[in-house]
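In: Generate coordinates for the sequence data below:
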Amino acid sequence: MDLQIKEKTISLIDSLKSTCQTYGMGNDGNEYKIITQVFLYKYLNDKFGYEIKKLDKRIATAEKWEIAYSELSEDDREDLFDTMNPDIPRLNPEHLISHLWNQQAKGDFDLIFDQTMIDIADKNIDIFSTQTTQNTKIPLFEKLTQYVTDEAQRAPFARALVDKLVNFSFEETFLEHYDFFAAIFEYLIKDYNTAGGGKYAEYYTPHAIATIMARLLVGDDADLHNIECYDPSAGTGTLLMALGHQIGEDRCTIFAQDISQRSNKMLKLNLILNGLVSSLDHAIQGDTLVAPYHKSDDGQTLRQFDFVVSNPPFKMDFSDTRDDIEKKYSARFWAGIPKVPAKKKESMAIYTCFIQHVVNSLKKTGKGAIVVPTGFLTAKSSVEGTVLKKLVEDHIVYGAVSMPSNVFANTGTNVSVLFFDNSRTADKVVLIDASKLGEEYKDGNNQKRRLRPEEIEKIITTFRNKEAVDDFSVAVTYEEIIAKKYSLAAGQYFDVKIEYVELTQEEFEAKMSAFKTELQSFFDEGNALQAEIMKQLGKVKYE
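Out: Alright, predicted model coming up:
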């Protein structure tokens, strides 16, 4: 059954993308807005119907629930709204897909379609909106037909979208949970998982890495309540969704910030699909380094959280704001701020600022994890080296896992994950080299690599047990790390294995004799070749 639901949902996504292509927006910069919004509109339409059927028998038993709902008086509708969970959107009869279907014959259907989107967004703006660092609310929906350049094609485009929605229902997916929607979300955004929509390079962290981070931070059977989770470079929210699922969506609140408009839209969708509507208000669009939004009650210091995760940009040109950050916020960045390279501004090690921000955002007993370039594990100089020394000397880092190459969508950079514990109680640091794990697969023209389920379990079990496994893992003291010049690279701690083979005296003498014979044949061959060369040189004459 799960496979059937998944296939039907993927088929809907494909049909929406096909419609965009038909109307000239295949791979257009605005296509992601249309796909994600229409998908979400359909999801919320069906979710609304699913919930009101539970509350009103007339609607539940009606042949078509939309008609029964439209026949309610305004007072009855308001009473229905009062009893509904606040995480469910409030829709009027004219907002439903069935109503749009019946309006398709009208010539200005594109205007009707767009206005329906705006009305829904306005009606639900208090709960179903995100905001910017300046507290400007970003509504749930926006006008979509404006992205069709040919005005004459806008109404047909809107009709084509509605046609794709009417014969599909999300109802059977509402009993599904995180794993289902994580896979659907990954498929939904896979064509938009690029750097084109903003400064940040990654919008989606691979599901396997997100799972490893969440399970190692939280544990598998943790009984946690009222937990606050934060990601300062949230992208589409994959790390936060994995963390929220591991804790329990009803037992945690999500806080997020990201500079990208594109990722903010996708993060909003991800929160809704995963039952975290109440956290939408904490999903902020804006530059975390310049204007961190989540602060303590004093409005000055950073707010601190139980869990902090991040997959930050590894490189970024922020030459416009770098000096301002150093002047105004130097106290936040205890290891300093990297210099902007003179020739390649975009190659600046911006991730070092996010490492410092993550550590600053941890409660005294908080835990965190951050994705970094593997080269950072052996950093010796500049800000990178200073950050690494601090993490080791203060016993903040308690683990590092180096991942296989090509695990990300659009970067060939080898990555590792650092694990932090601000209680600083660990006696040893677990270092794992998982770079040789994974299976190769083709993603379009790209050769990629992914971890298999049994490999994920191997990493998690080894880490938790602090096991030493040949050529895979070690558990070392902070003193040992300092002696190795602060290196967190597992390979530098592996023992060099020399195989010894027991031989009798007769076997030893036989092997030595064979070696001598073989070596002598090489010498003889070399001498013969040398003599032949000299002979041929003697024949060369001047003419």
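In: Off-centre distance for the helix or strand residue 514 falls within?
Out: Here residue 514 sits within helix 505-539, counting by DSSP states H and E. Counting by Cα atoms, centre = their mean, to the nearest Å, helix 505-539 is centred 61 Å from the centre of its parent chain.
In: With stretch 535-543 instead?
Out: Relative to its parent chain, stretch 535-543 has a centroid offset of 72 Å by Cα atoms, centre = their mean.
In: who's in contact with that stretch?
Out: For stretch 535-543, contacts defined as Cβ atoms under 8 Å, 6 or more residues apart in numbering pick out no residues. Bear in mind the C-beta positions are built from the backbone N, C-alpha and C, glycine included.
In: Am I right that residue 367 is in a strand?
Out: Yes - according to DSSP: H, G, I helix; E, B strand; the rest coil, residue 367 belongs to a strand.
In: how much space between the most centrally placed residue in the chain and residue 236?
Out: With distances taken as Cα atoms, centre = their mean, the chain has residue 205 as the residue nearest its mean C-alpha position (2.6 Å). The gap separating residue 205 from residue 236 is 9 Å, by Cβ to Cβ, to the nearest Å.
In: Tell me who's in contact with residue 77.
Out: Per Cβ under 8 Å, 6+ apart, neighbours of residue 77: 69, 92.
In: same deal with residue 143?
Out: The neighbourhood of residue 143, defined by Cβ under 8 Å, 6+ apart, consists of 114, 117-118.
In: Same list, these, but as CSV with distance to residue 136 please.
Out: Formatted as CSV, the contacts of residue 143 follow (distance: Cβ to Cβ, whole Å):
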residue, distance to residue 136
114, 21
117, 19
118, 16
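In: Which ones among these map onto helices?
Out: Judged by DSSP state H, helices contain the following of the contacts of residue 143: 114, 117-118.
In: Which of the residues you listed sits closest to residue 254?
Out: Ranked by distance to residue 254 (Cβ to Cβ), the ones in helices among the contacts of residue 143 are led by residue 117 at 25.1 Å.
In: residues in contact with the closest one?
Out: Going by Cβ under 8 Å, 6+ apart, residue 117 touches 37, 41, 141-144.
In: now with 6 Å?
Out: Each residue near residue 117 by Cβ atoms under 6 Å, 6 or more residues apart in numbering is listed here: residue 141.
In: do the same with the one 3 residues further on
Out: If a contact means Cβ under 6 Å, 6+ apart, then residue 120 has 95, 141 as its contacts.
In: can I assume it sits in a helix?
Out: Yes - assessed by three-state DSSP, residue 120 belongs to a helix.
In: how far away is it from residue 41?
Out: For residue 120 relative to residue 41 (Cβ to Cβ), the value is 7 Å.
In: do the same with residue 527
Out: Noted for residue 527: a distance of 85 Å to residue 41, by Cβ to Cβ.
In: So for these two, which sits in the more crowded spot?
Out: Neighbour count, other Cβ atoms under 10 Å: between residue 527 and residue 41, residue 41 has more, with 23 against 10.
In: and the more buried one, what helix or strand is that in?
Out: Counting by DSSP H and E, residue 41 is found in helix 31-55.
In: Could I get the buried residue list for that helix?
Out: Neighbour-count burial for helix 31-55 flags 31-53 (criterion: 16 or more other Cβ atoms under 10 Å).
In: what's the answer for stretch 521-529, then?
Out: Under 16+ other Cβ under 10 Å, stretch 521-529 has no buried positions.
In: Tell me the buried residues in stretch 233-252?
Out: By neighbour count on 16+ other Cβ under 10 Å, the buried set for stretch 233-252 is 233-247, 249, 252.
In: what's the neighbour count on the residue nearest to residue 43 when sequence neighbours are not counted?
Out: Sequence neighbours aside, residue 170 is the residue nearest to residue 43 in space, at 5.3 Å (criterion: Cβ to Cβ, 6 or more residues apart in numbering). Neighbourhood size, residue 170 [other Cβ under 10 Å]: 21.
In: Was I right to think residue 170 contacts residue 41?
Out: No - using Cβ atoms under 6 Å, residue 170 is not in contact with residue 41; the gap is 10.9 Å.
In: can you pull out the strands in the stretch 201-350 of the chain?
Out: For the stretch 201-350 of the chain, the strands defined by DSSP state E, counting those that start in this stretch cover 227-231, 252-258, 283-285, 305-310.
In: Flag the shaky bits of the chain, pLDDT-wise.
Out: The chain contains residues with pLDDT under 70 at 1-2, 193-203, 409-412, 496-500, 543.
In: who does the helix or strand hosting residue 401 touch, helix- and strand-wise?
Out: Here residue 401 sits within strand 397-402, counting by DSSP H and E. Applying 3 or more Cβ pairs under 6 Å, 6 or more residues apart in numbering; DSSP states H and E, one finds that strand 397-402 contacts strand 415-421, strand 429-433.
In: Could you identify which of the ones you listed is most buried?
Out: Neighbour counts (mean count of other Cβ atoms under 10 Å) averaged over each of the helices and strands packed on strand 397-402 peak at strand 429-433, with a mean of 24.
In: So what touches the helix or strand just after that one?
Out: Remark: after strand 429-433, the chain's next helix or strand is strand 439-443, criterion DSSP H and E. Under the contact criterion Cβ under 6 Å, 6+ apart, strand 439-443 has outside partners 448-449, 452.
In: Let me have these in TSV, adding secondary structure and neighbour count as columns.
Out: Putting those into TSV (DSSP: H, G, I helix; E, B strand; the rest coil; neighbours: other Cβ atoms under 10 Å) gives the following:
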residue	secondary structure	neighbour count
448	strand	18
449	strand	18
452	coil	12
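In: With respect to residue 355, which of those residues is nearest?
Out: The closest of the contacts of strand 439-443 to residue 355 turns out to be residue 449 (Cβ to Cβ; 24.8 Å).
In: List the contacts of residue 257.
Out: Residue 257 is in contact with 232, 284, 288, 293, counting by Cβ under 6 Å, 6+ apart.
In: if we go to 7 Å?
Out: Residue 257 makes contact with 232, 234, 284, 286, 288, 293-294 under the criterion Cβ atoms under 7 Å, 6 or more residues apart in numbering.
In: gap between the two ends of stretch 395-407?
Out: In stretch 395-407, first residue to last residue: 29 Å (Cα to Cα, to the nearest Å).
In: Report the distance from that stretch to the chain centre.
Out: Centre-to-centre, stretch 395-407 and its host chain are 16 Å apart (Cα atoms, centre = their mean).
In: again, but for stretch 408-427
Out: 14 Å.
In: Likewise for stretch 483-490?
Out: 28 Å.
In: do the same with stretch 452-462
Out: Worked out by Cα atoms, centre = their mean, stretch 452-462 lies 19 Å from the chain centre.
In: With stretch 157-171 instead?
Out: Using Cα atoms, centre = their mean, the mean C-alpha position of stretch 157-171 is found 29 Å from that of the whole chain.
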